[in-house]
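Q: with the input below, show me the fold.
(one chain, ligands or ions: 1)
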Amino acid sequence: MTDNLTLIRESFALAQAHGDKLTGHFYATLFLHNPQARELFPPAMDLQRDRLFRALAGAVRMLDRPEELIPFLQQLGRDHRKYGVQDAHYDAVGAALLATLARYVGDAWTPAHEAAWSEAYGQIATAMRGAAEADAGSTPPSWLAEVVGHELRTPDLAVLTLRPDAPFPYQAGQYTTVETARWPRVWRPYSIANAPRRDGLLSLHVRAVPAGWVSNTLVHHTRVGDVVRLGPGRGTMTLPARPARRVVCVAGGSGLAPVKALVEEMIARNRPLTLHLFVGVRRESDFYDLQSLRQLATVFPRLLLVPVVSDEVGFAGVQGRLPEVVPGQGHWNEHEVFVAGPDDMVVSMIERFQRDGVPAERLHYDLSTTPQELDITSGLLEAGARRG
Ligand SMILES: NC(=O)C1=CN([C@@H]2O[C@H](COP(=O)(O)OP(=O)(O)OC[C@H]3O[C@@H](n4cnc5c(N)ncnc54)[C@H](O)[C@@H]3O)[C@@H](O)[C@H]2O)C=CC1
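A: Sure, this is the predicted structure:
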């Protein structure tokens, strides 16, 4: 007899071959039978379609590794509280999923497939619901936050200061998700750019990306006094319990946000022996936070700030792309390493640090998918938007 795992994987591969038709049919079935579920999703569904099946594909890949699958599902469940997901929605999604699979697997679909999927989906939903319920006792599903500061530092980058309406627990290096009144149910992740403060204020560095609904709203159509909604703090690029005494941080563009929070935290707590901070931008005019970083270096002179420009000949300081520049500026294999910025930069930088002998447990980084994808993150099964 074929085991459940094989039945699920084989049938999922058959169904997935139908691509967009599969996801289109799934949502059509879900909304036809549960019109109220439409309210949970953003107005434009294009990118949402991929998300659900990417998360499902992730779960199917991990089915034989419960030690990874369960935490993944629990996180997914907690993350869905902010969408207002109810128990009944899980049942509705399960029914639409099975109906869709049956249709696209076609003649190969058997009662054994039905039973295997039904059991697997039941386990997925139980893990998600259980984690969401456990979380409900201690944290709100989301926070309202008033914009108390909005500075346009370059034509397309704003630094926002937010005051959440209730204590917002997070660690330096983590991100939150933001929903604006202009685009209900469209959530976008942003790193929090400061270490936790006594007054509870949060700072975000937001670059308006082409066709970015939330980022353009936050940069160009948001004023002091406006209110946004925040999801809980998430992400694994946080300070380890015992960081090395020497630290190097590499920040590309607005990837400075989480790195700045970590730098503040280390200055307040660990006081490393040396703290190198490479800040890379394309043109000198793209530096949007040097003044504040220089102030930090005045308070903590062991912070060694290195501004780097990649695309402008004539810059008086260090020139080049970060992965080309940083290795030549020191020996980093004894250091704790933090990297954030464009994914290509992060990947090249991390590969280089690995080649140079930095142990894996000392490498901390933050990867995202493309900003366009990230701008629509709402949904019943949101894939992990950011990996650390
Ligand atoms: N805003 C936030 O809170 C956070 C943003 N990020 C990500 O950081 C990125 C920042 O983008 P921008 O500000 O437009 O930076 P950018 O594209 O202007 O790049 C900044 C620097 O990174 C390096 N770089 C860029 N592309 C590279 C490549 N292909 N290979 C090697 N090095 C490269 C170069 O040194 C460049 O000067 C975004 O993708 C964003 O998603 C990451 C973490 C937090």
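Q: residues touching the residue lying closest to Gly106 once chain neighbours are set aside, list them.
A: Spatially, and ignoring its direct neighbours in sequence, Gly106 is nearest to Leu14 (7.6 Å; CB to CB, 6 or more residues apart in numbering). (C-beta placed from N, C-alpha, C; glycine too.) Taking CB atoms under 8 Å, 6 or more residues apart in numbering, we find Leu14 in contact with Tyr104, Val105, Gly106, Ala108.
Q: count of neighbours near the third one?
A: Put plainly, it is Gly106. 10 (other CB atoms under 10 Å).
Q: how near is it to the ligand?
A: 40 Å (CB to the nearest ligand atom, to the nearest Å).
Q: ok, now the last one?
A: Distance from Ala108 to the ligand, counting by CB to the nearest ligand atom: 41 Å.
Q: out of the contacts of Leu14, which one sits closest to Val318?
A: Comparing the contacts of Leu14 against Val318 with CB to CB picks out Tyr104 as the nearest, at 54.1 Å.
Q: the closest one and Asp20 touch, don't they?
A: No. With contacts counted by CB atoms under 8 Å, Tyr104 stays clear of Asp20, the gap being 11.5 Å.
Q: on that earlier part again, JSON lines please, covering the contacts of Leu14 and showing distance to Pro342 and pLDDT.
A: As requested, the contacts of Leu14 are exported to JSON lines (distance: CB to CB, whole Å; pLDDT from 0 to 100):
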{"residue": "Tyr104", "distance to Pro342": "36", "pLDDT": "96"}
{"residue": "Val105", "distance to Pro342": "39", "pLDDT": "96"}
{"residue": "Gly106", "distance to Pro342": "42", "pLDDT": "95"}
{"residue": "Ala108", "distance to Pro342": "42", "pLDDT": "96"}
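Q: who's in contact with the residue of the stretch 151-300 of the chain found nearest the ligand?
A: Across the stretch 151-300 of the chain, the shortest distance to the ligand (CB to the nearest ligand atom) belongs to Gly253, at 1.9 Å. By CB under 8 Å, 6+ apart, the contact set of Gly253 is Arg207, Gly280, Val281, Arg282, Asp286, Gly341, Pro342.
Q: can we see that at 10 Å?
A: 157, 205, 207, 279-282, 286, 288, 310, 322, 340-342, 345 (CB atoms under 10 Å, 6 or more residues apart in numbering).
Q: among those, which are located in strands?
A: Under the assignment DSSP state E, the contacts of Gly253 contribute Leu157, His205, Arg207, Val279, Gly280, Val281, Ala340 to strands.
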